[in-house]
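Following is a predicted model, sequence given first.
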Amino acid sequence: MVDPNRDGKVSLQEYMAFMISRETENVKSSEEVESAFKALSADGKPYVTQDELYQNLSRDQAEYCIANMPPYYDSHGIHVLGAFDYVAFTKDLFTN
């Protein structure tokens, strides 16, 4: 499950995709899921892009995230085009 391309190695992206795909009841905290998304984003930014999701998750996982993640707004309330707020998404997962 952790090595989907079966090359005998687990890349950081494969590990993070595995962590994100785990059912939420098996995850100890929202911080674990948030950390996994942060690792997927370039430079650890507080949002992920559609491209980052498709590059690191299965198509179904990426499409689920895109359909359910709110858009990201910076600290000035400006919408960052193509950015998804994984922090809000993660908090919503653990409060519902």
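Yes, it's here.

now the residue of the chain most remote from its centre: how far from Asn56?
When distances are taken from the C-alpha mean of the chain, Gly8 lies farthest, 23.6 Å away, according to CA atoms, centre = their mean. Separation of Gly8 from Asn56 (CB to CB, to the nearest Å): 19 Å. The way it works is simple: take the backbone N, C-alpha and C, and place the C-beta from them, glycine included.

continuing past the lengthiest strand in the chain, what's the next helix or strand?
For the chain, the longest strand by residue count, based on DSSP state E, is strand 79-84. Moving toward the C-terminus from strand 79-84, the next helix or strand (DSSP states H and E) is helix 86-95.

Kindly provide the whole-number mean pLDDT of that next one.
Mean per-residue pLDDT for helix 86-95: 84.

List the buried residues of that helix.
86-90 (16 or more other CB atoms under 10 Å).

Make a markdown table out of those residues and add distance to Gly44.
Below are these laid out as a markdown table (distance: CB to CB, whole Å):
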| residue | distance to Gly44 |
| --- | --- |
| Tyr86 | 11 |
| Val87 | 12 |
| Ala88 | 17 |
| Phe89 | 16 |
| Thr90 | 15 |
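
what's the closest of those residues to Pro70?
Ala88 (5.2 Å; CB to CB).

Strands along the chain, start to end?
48-49, 71-73, 79-84.

Which elements pack onto the second one?
What it means is strand 71-73. strand 79-84 (3 or more CB pairs under 8 Å, 6 or more residues apart in numbering; DSSP states H and E).

Give me the residues contacting the strand it packs on.
With CB atoms under 8 Å, 6 or more residues apart in numbering as the test, strand 79-84 has contacts from 47-50, 53, 65-66, 69-74.

Can you say which of those residues are buried?
Buried, going by 16+ other CB under 10 Å: 47-49, 53, 65, 69, 72, out of the contacts of strand 79-84.

If we ignore the residues flanking it in sequence, what's nearest the residue sitting nearest the centre point of the chain?
Centroid-nearest residue in the chain: Phe37, 3.5 Å away (criterion: CA atoms, centre = their mean). Taking CB to CB, 6 or more residues apart in numbering, and ignoring the residues beside it in sequence, Phe37 has Tyr86 as its nearest neighbour in space, at 3.7 Å.
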